[in-house]
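# My questions concern the predicted model and sequence given below.
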Amino acid sequence: MQNMQRFFVQSTEQISIDIVTHSIGYYITDTQNGSIISRQDVTDRFGIFDEKLLNLFGDDGVVFENHDDARKVALSLKNSI
């Protein structure tokens with residue numbers, strides 16, 4: 001149950017991440033270390049290589065256009081640990 005709320009989907013309109021990207025949409029944060037999850041993190045840190053899932057990320061590799069896409073990736077991350 002420790003990982004239940006480890007990954008949070010947030011909107012760039014609520015909390016800007018200009019230091020990482022200027023894209024607008026949704027992103028995933030890892031509450032364990034405070035980091036913003038990128039496409040590269042999904043493969044390198046979590047060992048997920050599902051192209052369908054990785055293609056949900058926007059061009060910058062951080063922000064998702066749709067909230068549901070970000071939720072799908074966050075759920076996959078939760079299930080991988």
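Sure, I can see it.
# The nearest residue to Thr12 once chain neighbours are set aside: how many residues sit nearby?
Distances taken as C-beta to C-beta, 6 or more residues apart in numbering put Ile24 closest to Thr12, at 5.1 Å, once the chain neighbours are dropped. (C-beta placed from N, C-alpha, C; glycine too.) Look at Ile24: counted by other C-beta atoms under 10 Å, it has 12 neighbours.
# in what helix or strand does Ile24 lie?
For Ile24, there is no host helix or strand (DSSP states H and E).
# And the pLDDT for it?
In this model, Ile24 is scored at 85, pLDDT.
# Relative to Ile36, how far out is it?
Distance from Ile24 to Ile36, counting by C-beta to C-beta, to the nearest Å: 15 Å.
# For the protein, give me the ranges with low pLDDT.
Residues of the chain that meet the criterion pLDDT under 70 lie in 1-4, 15-21.
# Go through it and flag its longest helix.
Counting by DSSP state H, the longest helix found in the chain is helix 67-80.
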